[in-house]
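Student: quick one, fold the following:
(2 chains)
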Amino acid sequence: MDSALIPDGVKRCSFGKFAIGIIIVGGVLLWGVYAMLLVWLKGLNQTNMNDYYGFALWIWADLGVIALGGGAFFTGLLRYIIGKNELKNIINCAVLIGFICYSSALLILAIDIGQPLRGWFIFWHANVHSMLTEVAFCLSCYFAVLTIEYIPLILENRQLNKVPFFHNLAHNMHEVMAIFAATGAFLSFFHQGSLGGVAGVLFGRPFAFREGIFIWPWTFFLFTWSAAAYGPCFTLFVTRLMEKISGKKLVKQNVIDLLAKISGWTMGTYLIAKIIDTWYWAATTAPSMGFNLIDFYSNNPFYGIWILIAEIVVCGVIPAAILLTPKGRSNPTLLFTAVSLACIGVLLNRWVMVVQVMAVPVMTFESWVMYIPSWQEVATTILPVAYGIILVMISFRYLPIFPQERELNP
Amino acid sequence: MFPFSFEWIWDVGHMVFMGGLWYALTIIGLGMTYCILKAVVDTMQGKGGYHH
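Tutor: Predicted structure coming up:
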């Protein structure tokens, strides 16, 4: 039925099967849209946020998808600026994931701000002393860059590419893509960093506060570094998942191996910095503010020391060790385990730095309140996941996402 | 965002923040303008047949 739109030389499932998949995921999407409309029409009383949880599930999801989408800027930097040409075979997938992640982040923000009609105030009446203003600027501009990187892919659809203007436009955009990639890396460095900086400058919150250089706390650099390290893991995770679902090899092993190796080294160096930062904070910074390490992990039913060990060791050191060894990278099961753990690790880090930060009691009269998101919060957080799955399905079916697919599946 | 906004002040903060924003927007805008104009010229010259 739609065979004329499918890229040359590749096989896809029947249109009926594809449509059923879209309808199932579309149902979940509609559930999220319903919850989103409730929030917009009735307000933030639809959530379980309170004075202890001004940052809750949405902001965690926001920072989570931004970190996971970091694969786009880092892979783009490696491909276009550093010249790792092998990565041209996975860059389209990284761009697609980045586009989904950043559009999701903007959607979640549009739900979270409560008054979306005044969303433009952050640009027009910018508070230049706020790191979140910088985040808003860089996030929006970088989303524009990702859109520019995604457009040539759309224009390379078999039918669209027959139109000379579209063909020429896609060709010209590819030619100057290095400039857009460099701009994207510049923007990503600052917004990833500022998201970490927001936590690090909270001098009234000893759990988050860090020293640093000039106006930037160490968390600024750790967030950028972690996005560069863990983002490509999400690209590898999605690629592997698409291979499993489609039953096809989509990217050659040397490309996977290269990205996994770079990710492993970035993750390894990040973890050294993270461990030093945690050690210094636990031994010097927090005690100077009247707190011991264990104060942050006790007297509550959920946040134990396990969360620190899970983030740094189980979902940090272990996947980094796997990705750093040739045997680990060449074993598909180990590689998939490593990238899955890494994705959980960065999501755990963002939860700790966004949600736990706000919940840890600071004053003696405060209690450690727990938080369970409302169904509206859960539905609106699943909404971008459903949207992402649909866009991946459509893009994989109609666009040449994986240039090596035809060669690998004759 | 603009010097004619009522809260605008000519200080370092505004110049760095807004300078960064307009710098990025200029690169994006000029880059896309170049691509679109060149695509128009290329198309008018008959380039871009379906040969890939």
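Student: ok, and the closest non-adjacent residue to A:Trp225?
Tutor: Distances taken as Cβ to Cβ, 6 or more residues apart in numbering or on different chains put A:Tyr270 closest to A:Trp225, at 4.5 Å, once the chain neighbours are dropped. From N, CA and C alone the C-beta is placed, and that goes for glycine too.
Student: so that neighbour is in which element?
Tutor: helix A:253-280 (DSSP states H and E).
Student: show me what that helix is packed up against.
Tutor: On a contact count with 3 or more Cβ pairs under 8 Å, 6 or more residues apart in numbering or on different chains; DSSP states H and E, helix A:253-280 meets helix A:218-246, helix A:318-324, helix A:326-330, helix A:332-351.
Student: packed most tightly, which of the ones you listed would that be?
Tutor: Highest mean neighbour count among the helices and strands packed on helix A:253-280 (mean count of other Cβ atoms under 10 Å in any protein chain shown): helix A:218-246, with a mean of 24.
Student: how close does the residue in the stretch 201-350 of chain A that chain B sits nearest to sit to A:Gln159?
Tutor: Nearest to chain B, among the residues of the stretch 201-350 of chain A, is A:Ile215, at 10.8 Å (Cβ to the nearest Cβ). Taking Cβ to Cβ, to the nearest Å as the measure, A:Ile215 falls 51 Å from A:Gln159.
Student: with neighbour numbers in mind, choose between the two.
Tutor: In terms of neighbours (other Cβ atoms under 10 Å in any protein chain shown), A:Gln159 is the more surrounded of A:Ile215 and A:Gln159; the figures are 12 against 9.
Student: report how many residues lie close to the closest residue in space to that one that isn't next to it in sequence.
Tutor: Nearest residue to A:Gln159, sequence neighbours excluded (Cβ to Cβ, 6+ apart): A:Leu5, at 5.8 Å. A:Leu5: 14 surrounding residues under other Cβ under 10 Å.
Student: residues in contact with A:Leu5?
Tutor: A:Asn157, A:Arg158, A:Gln159, A:Arg397, A:Tyr398 (Cβ atoms under 8 Å, 6 or more residues apart in numbering or on different chains).
Student: do that again at 7 Å, thanks
Tutor: Listed by Cβ atoms under 7 Å, 6 or more residues apart in numbering or on different chains, the contact set of A:Leu5 reads A:Asn157, A:Arg158, A:Gln159, A:Tyr398.
Student: for the residue in the stretch 301-410 of chain A that chain B sits nearest to, helix, strand, or coil?
Tutor: Using Cβ to the nearest Cβ, the closest approach of the stretch 301-410 of chain A to chain B is made by A:Pro400 at 10.2 Å. Judged by DSSP: H, G, I helix; E, B strand; the rest coil, the three-state class of A:Pro400 is coil.
Student: and the pLDDT for it?
Tutor: Per-residue pLDDT puts A:Pro400 at 94.
Student: burial measure for it, as a count.
Tutor: Neighbour count of A:Pro400, defined by other Cβ under 10 Å: 19.
Student: with adjacent residues omitted, what lies nearest to it?
Tutor: Spatially, and ignoring its direct neighbours in sequence, A:Pro400 is nearest to A:Pro7 (4.7 Å; Cβ to Cβ, 6+ apart).
Student: does A:Tyr303 really touch A:Gln356, like I thought?
Tutor: Yes: with contacts counted by Cβ atoms under 7 Å, A:Tyr303 reaches A:Gln356, the gap being 5.7 Å.
Student: how many neighbouring residues does the nearest residue to A:Pro301 once chain neighbours are set aside have?
Tutor: Distances taken as Cβ to Cβ, 6+ apart put A:Met370 closest to A:Pro301, at 6.6 Å, once the chain neighbours are dropped. Using other Cβ under 10 Å, A:Met370 has 12 neighbouring residues.
Student: isn't A:Met370 right next to A:Phe302, touching?
Tutor: Yes: between A:Met370 and A:Phe302 there is a contact under Cβ under 7 Å: 6.3 Å.
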